[in-house]
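**Q** Pasting a predicted model and its sequence here:
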Amino acid sequence: MLCLAIFLEELHSSFSIFAFPASDFSSQILQRTSIMTDWTECMNYGIHIAREAREAILHAFRIKKAVMLKSSPADLVTETDQRVEKMLISAIHEKYPLHKFIGEESVAAGEQLILTDSPTWIIDPIDGTTNFVHRFPFVAISIAFTVKKQTEFGIVYSCVEDRLYSAQRGRGAFCNDIPITTSGQEDITKSLLVTEIGSERDELALSIMTSNLHRLLEIPIHGIRAVGTAAVDMCLIATGGADAYYHIGMHCWDIAASALIVCEAGGVVIDTNGSEFDMMARRVIAASSSSVAHRISQVIRAFPCQRDDELHAPPPKKSTIDHTTDSNKVHKTGSGQRRL
Ligand SMILES: O=P(O)(O)O[C@H]1[C@H](O)[C@@H](O)[C@@H](O)[C@@H](O)[C@@H]1O
Ligand SMILES: [Mg+2]
Ligand SMILES: [Mg+2]
């Protein structure tokens, strides 16, 4: 099966796109080898395993947790985050052995973050870990799926609320299978905004985050909320429950799925500098309309953040003669973990 799949993969690389009806057998093969352009079966499998992962998360939600730190005293991770990610990745790998993964906790444990043209699952096993630790009832599983670096579907499961948000590119956005659309609000003075105070605690980030709040409130706008999970924040824009979300410092796994869900709900997703959205840039504005999105980008400022694909890039190819000594080697800012 696998050698046929690899053969088909090779075949596919010499053609642009196969788009033909296929029987079950060949569609199974084609899905595994990224030739099919209809990813419904993959999405349905993603939803199936997200439902299984939710059970594990809800069980752990109620009990005392061992908490570890990553990049700052406010960047938490638990064994449940790690266990759920391993469960999701192994279940997907078993069914789709040629697919690739970018997982928040795998990257935190040192895996390189490389987004290629291959079918890739971008996974945040628990978005809102701080909420999870404190039993604040907004924790989500976020699963995005990209092919040729384009998001084909996104799944965000708000576990305690039991709200499963999903979208397949070009086919609309849904919450528990019911279609959702943004508010369409075009006037920022009539808008309710959502944002996050992430895990940064350095002076520059804190002063920019608080000055952004001040500058937006004095426009004026109706208000600002923070749910504690970027993925759910953005799904609230897709439902029309809020009109815009902005954030600097989050990661691709936080927002890759919900960015597609917002767009498929009729919303707009851009970079905070007003340019095209780039999931690796760690800056986003998701809004009900382009006018609200661009108004926000004129008001807020971003603090400097290293891109995801630079922060966790593979080490540069070694020159033939390695002049650096151990003491001079620059330690990659990975996310070492230590127990509280
Ligand atoms: O709970 P996480 O998966 O770590 O994501 C959080 C992130 O850590 C935090 O800094 C904020 O950006 C939140 O909005 C994310 O959901
Ligand atoms: Mg997250
Ligand atoms: Mg997480």
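**A** Good, I have the coordinates. Ligands and ions are numbered 1, 2, ... in the order given.

**Q** Any figure for the gap between the closest residue to ligand 1 within the stretch 1-150 of the chain and Pro179?
**A** The stretch 1-150 of the chain approaches ligand 1 most closely through Thr129 (3.8 Å), counting by C-beta to the nearest ligand atom. Glycine gets a C-beta too; all of them are placed from N, C-alpha and C. The gap separating Thr129 from Pro179 is 30 Å, by C-beta to C-beta, to the nearest Å.

**Q** Just want to know which of these two has more residues nearby.
**A** It is Thr129, of Thr129 and Pro179, that has more neighbours when counted by other C-beta atoms under 10 Å, with 26 against 10.

**Q** List the contacts of that one.
**A** Residues near Thr129 by C-beta atoms under 8 Å, 6 or more residues apart in numbering: 76-78, 81, 139.

**Q** Got phi/psi on it?
**A** phi -60, psi -40 (degrees, to the nearest 10).

**Q** One more: the one 5 residues further on?
**A** Here the main-chain torsion angles of His134 (degrees, to the nearest 10) amount to phi -90, psi 0.

**Q** Share the number of residues neighbouring it, please.
**A** For His134, using other C-beta under 10 Å, the count is 12.

**Q** Walk me through the domains of the chain.
**A** For the chain, automatic domain parsing gives the domain ranges 38-180, 188-308.

**Q** Please identify which of those domains is closest to ligand 3.
**A** domain 38-180 (4.3 Å; C-beta to the ion).

**Q** returning to what we had before: so which of the domains of the chain is the most surrounded?
**A** Among those, ranked by average contacts under mean count of other C-beta atoms under 10 Å, first place goes to domain 188-308 (a mean of 21).

**Q** And it, end to end?
**A** This stretch, domain 188-308, spans 30 Å end to end (C-alpha to C-alpha, to the nearest Å).

**Q** can you tell me if that domain touches ligand 2.
**A** Yes. Domain 188-308 lies within reach of ligand 2 by C-beta under 5 Å from the ion, at Asp254.

**Q** ok, that domain near ligand 1 or not?
**A** Yes. Domain 188-308 is in contact with ligand 1 by C-beta under 6 Å from any ligand atom, via 196, 198-199, 229-230, 250, 254.

**Q** likewise stretch 159-172?
**A** No. Using C-beta under 6 Å from any ligand atom, we find that stretch 159-172 stays clear of ligand 1, coming within 12.5 Å at best.

**Q** pLDDT value on Val299, please?
**A** Here, the pLDDT recorded for Val299 equals 98.

**Q** Show the pLDDT at the closest residue to it other than its chain neighbours.
**A** Closest residue to Val299 apart from its sequence neighbours, by C-beta to C-beta, 6 or more residues apart in numbering: Arg215 at 5.0 Å. We have a pLDDT of 98 for Arg215.

**Q** Can you say which helix or strand has Arg215 in it?
**A** helix 203-217 (DSSP states H and E).

**Q** Which strands and helices lie in contact with that helix?
**A** Under the contact criterion of 3 or more C-beta pairs under 8 Å, 6 or more residues apart in numbering; DSSP states H and E, helix 203-217 touches strand 192-195, strand 223-225, strand 244-248, helix 290-299.

**Q** Following the chain onward from the last one, which element is next?
**A** Scanning the chain past helix 290-299 towards its C-terminal end, the next helix or strand to appear is helix 308-311 (assignment: DSSP H and E).

**Q** So whichever residue of the stretch 151-300 of the chain sits closest to ligand 1 versus Thr272, what's the distance?
**A** At 3.1 Å from ligand 1, Gly198 is the closest residue in the stretch 151-300 of the chain, using C-beta to the nearest ligand atom. As for Gly198, its distance to Thr272 is 13 Å (criterion: C-beta to C-beta).

**Q** between those two, what contacts are shared?
**A** In contact with both Gly198 and Thr272: Ile248, using C-beta under 8 Å, 6+ apart.
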